[in-house]
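[1] the following block contains a protein sequence and its predicted model.
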Amino acid sequence: MIVSLLNCKVIIVGATGRVGREMLSILAENRIPAENISLAASSRSAGSVLKYMGSNLEVADLSAMNFADYEIGLFSAGREISCKYAPIANEAGCVVIDNTSYFRMFDDVPLIVPEVNLADLEKYNNKKLIANPNCSTIQMVMALKPLHDLFGLKEIVASTYQATSGAGQKGVDELMSQTAIVMSAKNVTPSHFKKQIAFNVIPQIDSFADCSYTKEELKMMNETKKILEIQDVKITATCVRVPVVVGHCVSVFVRFQNRVDLESAKTSLDEFNGVKVIDDPQNFEFATPIDAVSKDDVFVSRIRKHPADDYALSFWCVGDNLRKGAALNAIQIASVIS
Ligand code: A2P
């Protein structure tokens, strides 16, 4: 229950998008009154209406909003919008929780997963702009944190299997339309994704940086270091788009500074707030993306020691990328600072 938001005026920027709509659902689940919530999107959506707890909330054109009317802005309308409007909102006294990657690696901007590094907020003078980490990063650090506390991270190799909703509504629409096209034995022409996504996987998310990693991979590597304060740990990531609507998976191999005890690893994961272990391979008990849809927890499965390395562990983690990977984490942050 996010009680602290009950009396706050909140604006959702990007309210018509996949993450914006998920934010609205979470606010409704927490019975935040409709009169405290405003919705903004592009001029294309201005005047449209979204249902909220029996009320109709009208979507306004972002460019016409007066941020002085709001205490909290939940931003999820893309990097350029955050770059332009977050400073305007801050100037007007509205605290911004930004879901885009724009501000995440700024030295003076906190990058927060409440269960993992909420205490870091105190280190920052400016608490008017807080960044929400990358979706896959959030779920991975939720699992890494208790293991780091136990054994000390040394090296991380991560591979992601990311749902199309991570690319916004256009990503989901393309998966759906391509699936129908393939099923009717016609040829697909990729549009939003660079390759066919239906019945396929794509080892590229976001554009390529000069170092041949994609920007999505660099987000995972750099943000994980910032959140866990592990600058000396070697991290590599490969980020892959898969034909799934909701639910990201990350396969993680970790080498630690200390010898691993498997049972303590499992116990510490299961006891960590926001993480649930589902791991009974004999009975085929492990998490898949569909199991994580609309759930708040990050699920960890397939936890196993490396057969030839007492210091290494592999696991599989799954989360709802729209909830803990985006909207829920942002609202959790908003609730602790309001
Ligand atoms: P709109 O629906 O009016 O285009 P998603 O990530 O699911 O694609 O959603 C992106 C969100 O960002 C949508 O709510 C979208 O609004 C919003 N958005 C995109 N461009 C702008 C803009 N120029 N000004 C305000 N909101 C924008």
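    Yep, that arrived.

[2] and the residue of the stretch 151-300 of the chain found nearest the ligand, what does it touch?
    Nearest residue of the stretch 151-300 of the chain to the ligand: G168, at 2.7 Å (Cβ to the nearest ligand atom). Any C-beta I mention is one placed from the backbone N, CA and C, and that applies to glycine too. Residues near G168 by Cβ atoms under 8 Å, 6 or more residues apart in numbering: 17-19.

[3] filter these down to the ones close to the ligand.
    Within the set of those, contact with the ligand (Cβ under 6 Å from any ligand atom) is found for 17-18.

[4] can you tell me which of the contacts of G168 is closest to M142?
    When the contacts of G168 are compared for distance to M142 (Cβ to Cβ), V19 wins out at 18.1 Å.

[5] that closest one and L74, how far apart?
    Counting by Cβ to Cβ, to the nearest Å, the gap from V19 to L74 is 9 Å.

[6] overlap in contacts, the two.
    In contact with both V19 and L74: 99, 327, using Cβ under 8 Å, 6+ apart.

[7] okay, and for the protein, where does confidence drop off?
    Along the chain, segments meeting pLDDT under 70 span 1, 3.

[8] could you rerun that using 80?
    Residue ranges of the chain with pLDDT under 80: 1-3.

[9] which other residues reach stretch 144-158?
    With contact meaning Cβ under 8 Å, 6+ apart, stretch 144-158 is reached by 115-116, 136, 140, 220, 224, 228, 230, 233-238, 250-261, 264-265, 268-269, 271-272, 275, 311, 313.

[10] do the same with stretch 123-130
    86, 90, 95-98, 103, 108-112, 121, 333, 337.

[11] one more time with 6 Å
    86, 90, 95-97, 108-110, 112, 333 (Cβ atoms under 6 Å, 6 or more residues apart in numbering).

[12] also stretch 2-15?
    20, 23, 30, 32, 36-41, 59, 70-77, 335, 338.

[13] just the buried ones from the residues you listed?
    Buried subset of the contacts of stretch 2-15 (neighbour count, 16 or more other Cβ atoms under 10 Å): 20, 23, 32, 36-41, 59, 70-77, 335, 338.

[14] restrict those residues to contacts with the ligand.
    20, 41, 77.

[15] just grab the bridge partners of the second one for me.
    The reference is to A41. Beta-bridge partners recorded for A41 (DSSP bridges): D61.

[16] residues near A34, how many?
    Neighbour count of A34, defined by other Cβ atoms under 10 Å: 14.

[17] ok, it to the ligand distance?
    19 Å (Cβ to the nearest ligand atom, to the nearest Å).

[18] name the nearest residue to that residue, sequence neighbours excluded.
    S55 (4.1 Å; Cβ to Cβ, 6 or more residues apart in numbering).

[19] in what helix or strand does M221 lie?
    In this structure, M221 sits in helix 215-228 according to DSSP states H and E.

[20] after that helix, which helix or strand is next? Please name it.
    Counting by DSSP H and E, what follows helix 215-228 is strand 234-241.

[21] tell me the contacts of the closest residue to the ligand within the chain?
    Nearest to the ligand in the chain, going by Cβ to the nearest ligand atom, is G17, at a distance of 2.1 Å. If you count contacts by Cβ under 6 Å, 6+ apart, G17 has them with G168.
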